[in-house]
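> Model the structure of this input:
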Amino acid sequence: MIEILNTFYKKYKIYFFFFITVLAIISVSKAFYQAQLISFDFHFSPTKLVAEGINHYEYILEGNHDDGPDDKIMYDQNGVYAQGLFVLLIPLTFFSWDNAKLVWSVINILLSLIIPYLLCKKFILSKTQSLLIINLFLISTIFRIHIGYGQQTLLALIFLVIPFINKSYISIIFSGISFFKFNIGYVLFLYFLTKKNIKNIFLSSIPCIIGWIAYCYLTDTNLIKNLIQPLSLLMYWDSDKAFPVTIFSLLKYFDSFPPVLALAIPLILNFFLILKIKDFDDDLCKLSLICLSALSFMPHQLHDYILLLPLLIFSIKNFDKMISKINIVFIFYFFYFLRIISFFYGTQPWEFPYGIFGYFNNILTLLITLTNLIYFSNFNKINSLKN
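Numbers count the residues shown, from 1 in each chain. Coordinates of the predicted model:
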């Protein structure tokens, strides 16, 4: 059967790639069009406040983001990012809202091409494999949701993967920009921590430190006071039950359980998972597991599953391994199948991080993470014994 499929693939390969490339172009066009209509999550208005000298954390914590006629923050731009993001985005506030959306969507689309290209080149995939991966990614539902809603995950991802592509000090410094998105960048910090690399921890913290100081200067805010405001805002929105659920969200339903521990426990578990993989020989395997762990232990909207891109690259490159076939089924579930399920379930894909589907998706992600961890731990041990 496999030989028949291989023969069929070789015979019709050119038609297959033409077909998926056309689908990718349609998907990108649709995502770009949606971004001009939506971009609700593009944090333009909080950045606009910062550019005008207003502390957006205080603005929200004081209850001013009430969706009323005088609200200066638009849509779901809830401001739960580190100070550096709002400093970084200030140049986009020189444009009107419509023009800023256009520029941001172009940047996001460029990132969606650059990231898989750099990873495929670094980890030596063939041109055919690279083209397949880029097209599969661009066709995915999570790509269109990310672009259409103007999200910041691609920005975090490119800086998260930089240390695995280039190990220079400059790369380590810029990797700290991924820390701006708390539920993603923290895994890179944990990785540096498990490696006991104090220099990398310091260098990667530079963007956050500069962003924090610049934010306080622009908004005339006390440095110490502003240091805890992002966490205060995070807890403010979390208490509103607006966050996607994880299996760890259930801890908050115990009356005597401190909310901070519901955040600390998954962080500690993730630390030990990354500690287990920090010395793996295969950097692509290591990066894939680190990204999986980010999805497993913190709440995420569906668009954040673009973090499965390194795992997709690993699985296509090593398709002969059984674990890769399992991974691809898992990836396709988030990339495509949720769109199909949504037609029957009577909802939209971005609603799946909530309720029963939210718990199911998180448990599924945890299981895949642990399966890969066990598989590659054993694989790494065998390689070590051979050497």
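> and whichever helix or strand L275 is part of, which residues are buried?
Using DSSP states H and E, L275 falls within helix 259-277. Buried residues in helix 259-277, counted by 16 or more other CB atoms under 10 Å: 262-263, 266, 270-271, 273-274, 276-277. The C-beta positions use only the backbone N, C-alpha and C, and glycine is treated the same way.
> just curious, which of those is nearest to S249?
Closest approach between the buried residues of helix 259-277 and S249, by CB to CB: A262, at 7.2 Å.
> Surely that closest one is in contact with F248?
Yes - look at A262 against F248 with CB atoms under 8 Å: they come within range, at 6.0 Å.
> mind listing the helices in the stretch 201-350 of the chain by residue range?
Taking DSSP state H, counting those that start in this stretch as the test, the helices found in the stretch 201-350 of the chain are 223-239, 259-277, 283-297, 309-317, 322-332, 338-345.
> Could you dump the ones you listed into JSON lines and include distance to L110?
Shown next, in JSON lines, are the helices of the stretch 201-350 of the chain (distance: least, CB to CB, whole Å):
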{"stretch": "helix 223-239", "distance to L110": "28"}
{"stretch": "helix 259-277", "distance to L110": "30"}
{"stretch": "helix 283-297", "distance to L110": "20"}
{"stretch": "helix 309-317", "distance to L110": "15"}
{"stretch": "helix 322-332", "distance to L110": "23"}
{"stretch": "helix 338-345", "distance to L110": "24"}
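> Just put those in a markdown table and tack on distance to T369 and mean pLDDT.
Converted to a markdown table, the helices of the stretch 201-350 of the chain look like this (distance: least, CB to CB, whole Å; pLDDT from 0 to 100):
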| stretch | distance to T369 | mean pLDDT |
| --- | --- | --- |
| helix 223-239 | 23 | 85 |
| helix 259-277 | 7 | 87 |
| helix 283-297 | 4 | 96 |
| helix 309-317 | 10 | 96 |
| helix 322-332 | 10 | 95 |
| helix 338-345 | 18 | 73 |
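> of those, which approaches T141 most closely?
That would be helix 338-345 among those, by CB to CB, at 4.3 Å.
> confidence score at I133?
Here, the pLDDT recorded for I133 equals 97.
> Out of the helices of the stretch 201-350 of the chain, flag the one nearest I114.
For the helices of the stretch 201-350 of the chain, proximity to I114 was assessed by CB to CB; helix 309-317 is nearest, at 11.6 Å.
> Double-check F164 against D283; I have them as touching.
Yes - counting by CB under 8 Å, D283 is a contact partner of F164 at 5.2 Å.
> More neighbours: which of those two?
A direct count of neighbours by other CB atoms under 10 Å for F164 and D283 places F164 higher, at 21 against 15.
> who touches whatever helix or strand that one lives in?
Using DSSP H and E, F164 sits in helix 153-165. Contacts of helix 153-165 with the rest of the structure, by CB atoms under 8 Å, 6 or more residues apart in numbering, involve 107-108, 111-112, 114-115, 118-119, 122, 146, 171-172, 174-178, 180-181, 184-185, 187-188, 200, 283-284, 286-287, 291, 303-304, 306-307, 309-310.
> Write the ChimeraX selection for whichever of the residues you listed are buried.
Remark: buried members of those, expressed as a ChimeraX selection using 16+ other CB under 10 Å:
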select :108,111,112,115,118,119,122,146,171,172,174,175,176,177,178,180,181,184,185,187,188,200,284,286,287,291,303,304,306,307,309,310
